[in-house]
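Participant: Need the 3D shape of this:
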Amino acid sequence: MGKHTYHLTPRQRYQLVDLHLKGVSPQNVCRFYGIPRKTFYYWLRVWQKDPDNFSKNVACTDTTPKTMPRLTDEVTCEFIVRLRKKSGFGPEKLQLLLQKHGIVMSRNGIYKVLKRANLVKKLPKKVKRKYKKFTTFIKKPGERVQVDVAYVTRVRMTDHKQYVYQAIDLFTRMTFSQVYESCNPQNTVDFLKRTLTFFPFRVHMFQFDHGTEFTYDMFVKTRKEHPVHTFLNHHNIAFTFSPVATPRMNGCVERVHRSWREEVERWCRWESSEYLKRKNHEWLQYYNEERPHFGINLLTPLQKLRTVSGFEQATLTYSC
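Facilitator: Numbers count the residues shown, from 1 in each chain. Model prediction:
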C-alpha cells in the first residue's frame, strides 16, 4: 500500500472517491491532486471491495514491517550513545572502539543509531581555502616536530595562570605535553629536554612560532641569544619558525590544542592543579596508544611508529 500513498493525507484519499461518486471525471480528479491515474484507480478498487470500512482502509498507512531482525538491540545502542558522549567521536572512530569490545557494526548503522538519539548535528558547509600540506612530504619520524603553548583557564584554588606545552611529530603524530605555571624560556628549555627524552627516535628539527618563549627575533634591539637557541645549537638540532600570522603552518599542534581542551581541560576546569597534571598524564597515554587519527589512516601514533623499520617493538615511557 505504501507505493500508492504518495503525498496524500487520509482525508484526501477519501475525497478522491467521493468526488468521483459526485460525477467528477477521473482525469479531473487526478489533475486536481497531481497524482497518476494508477493511484486513483487503486483507491477506487479499495472502496469497491469494502465500502463500509473504506474510511478505516484509507487511514491505514503504516508500512513498518512487523519484525526487524537486523535492528540494533537496545543494549548496543545505549553503549554507542555512551561512547559518543564520552569521546565525541564520529562513526568511523566509534567503529574501531566497538571492535575492541567485540561488536562489529557498519559505519552507516552507527550513524543511524546516533541520528535516532539526536546526537548528529548538521552544520552549514564552509568553503575551505586550499593550502599546500607540507606534512605529506615528511618521510621519517623526528624529521619535524611542532611545538606551541596554550593558555589554560585558571583552575580552582589557584590564582596564577597555567600553560600547557605541546609537541607533535608530524610523521607519527606522536604527542608530548606538560603543564607549567609560567610561560618563559627556562620552562621551554625544560620542556624540550623532556620531549627529547620522551620520543623514542631522534628529533632532527623543531618548529616554533615567534613567541618570546621561543625567540627574541621580534625584539630588534635585543642582542643576547635566546636560551632555546643555545640549547638546540648545543645538541645540534635544527629549528625553524613559521611565518608571522599564519597559524595554518602550525596546524598539527593547533589541532592538538583543540583535542586537549575538549578532552582534558573542560573536565578539569574546576579541579586542582595537581588533578589537571595527573589527567594530562593519563590523556597522553590514551592519545598516543589508543586514540585513532584520521591523518594517519585511523592508526594510533604508536602503531604508526611501529610500521617504520627499526621501531617494530617500540614502547613509550611517560615518567619523563
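Participant: what residues are up against Leu232?
Facilitator: 192, 206, 238-239 (CB atoms under 8 Å, 6 or more residues apart in numbering). C-beta: built from backbone N, CA, C; applies to glycine.
Participant: rerun at 10 Å
Facilitator: 189, 192, 203, 205-206, 226, 238-239 (CB atoms under 10 Å, 6 or more residues apart in numbering).
Participant: Just put those residues in TSV and tack on secondary structure.
Facilitator: Formatted as TSV, the contacts of Leu232 follow (DSSP: H, G, I helix; E, B strand; the rest coil):
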residue	secondary structure
Val189	helix
Leu192	helix
Val203	coil
Met205	strand
Phe206	strand
His226	coil
Ala238	strand
Phe239	strand
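Participant: Could you identify the pair within the residues you listed that is furthest apart?
Facilitator: The widest separation within those, taken as CB to CB, falls between Val203 and His226 and amounts to 18.1 Å.
Participant: Surely Leu19 touches Asn28?
Facilitator: Yes. Between Leu19 and Asn28 there is a contact under CB atoms under 10 Å: 8.2 Å.
Participant: the more surrounded of the two?
Facilitator: Leu19 (17 against 11; other CB atoms under 10 Å).
Participant: Grab the nearest non-local neighbour of the more buried one.
Facilitator: Val29 (5.3 Å; CB to CB, 6 or more residues apart in numbering).
Participant: For the one you found, give its distance to Thr39.
Facilitator: When distance is defined by CB to CB, to the nearest Å, Val29 is 10 Å away from Thr39.
Participant: Pull up the overlap in contacts between the two.
Facilitator: Leu16.
Participant: Count the residues that sit near the closest residue in space to Gln95 that isn't next to it in sequence.
Facilitator: In space, and not counting its chain neighbours, Gln95 is closest to Arg107: 5.6 Å by CB to CB, 6+ apart. The number of residues packed around Arg107, counting by other CB under 10 Å, is 13.
Participant: Can you say which helix or strand has the residue nearest to Leu19 in it?
Facilitator: Using DSSP states H and E, Val29 sits within helix 26-33.
Participant: If we go by neighbour counts, what in that helix is buried?
Facilitator: 29-30, 33 (16 or more other CB atoms under 10 Å).
Participant: how about low-confidence regions in the protein?
Facilitator: By pLDDT under 70, the low-scoring segments of the chain are 1-7, 59-66, 130-136, 154-159, 270.
Participant: Show the residue spans covered by the strands in it.
Facilitator: Along the chain, counting by DSSP state E, strands occupy 145-152, 162-169, 175-180, 205-208, 238-241.
Participant: Turn the ones you listed into JSON lines, columns for distance to Leu96 and mean neighbour count.
Facilitator: JSON lines is the format used below for the strands of the chain (distance: least, CB to CB, whole Å; neighbours: other CB atoms under 10 Å):
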{"stretch": "strand 145-152", "distance to Leu96": "26", "mean neighbour count": "22"}
{"stretch": "strand 162-169", "distance to Leu96": "21", "mean neighbour count": "23"}
{"stretch": "strand 175-180", "distance to Leu96": "19", "mean neighbour count": "22"}
{"stretch": "strand 205-208", "distance to Leu96": "30", "mean neighbour count": "20"}
{"stretch": "strand 238-241", "distance to Leu96": "35", "mean neighbour count": "14"}
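Participant: Turn those into CSV, including distance to Lys139.
Facilitator: Formatted as CSV, the strands of the chain follow (distance: least, CB to CB, whole Å):
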stretch, distance to Lys139
strand 145-152, 14
strand 162-169, 12
strand 175-180, 20
strand 205-208, 13
strand 238-241, 16
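Participant: I'd assumed Tyr165 was in contact with Glu181.
Facilitator: No. The criterion here is CB under 10 Å, and Glu181 misses it with Tyr165 at 11.8 Å.
Participant: where do the contact lists of those two overlap?
Facilitator: Joint contacts of Glu181 and Tyr165 (CB under 10 Å, 6+ apart) are Asn187.
Participant: Looking at the buried residues of helix 26-33, which is nearest Ile103?
Facilitator: The closest of the buried residues of helix 26-33, once distances to Ile103 are taken by CB to CB, is Tyr33, at 47.6 Å.
Participant: what residues are up against that closest one?
Facilitator: Per CB under 10 Å, 6+ apart, neighbours of Tyr33: 6-8, 12-13, 15-16, 19, 39-40.
Participant: Relative to Lys277, how far out is it?
Facilitator: 69 Å.
Participant: most centrally placed residue in the protein?
Facilitator: Phe89 (5.1 Å; CA atoms, centre = their mean).
Participant: Give me the phi and psi for it.
Facilitator: When quoted as degrees, to the nearest 10, the phi and psi of Phe89 stand at phi -80, psi 160.
Participant: Noted, bye for now.
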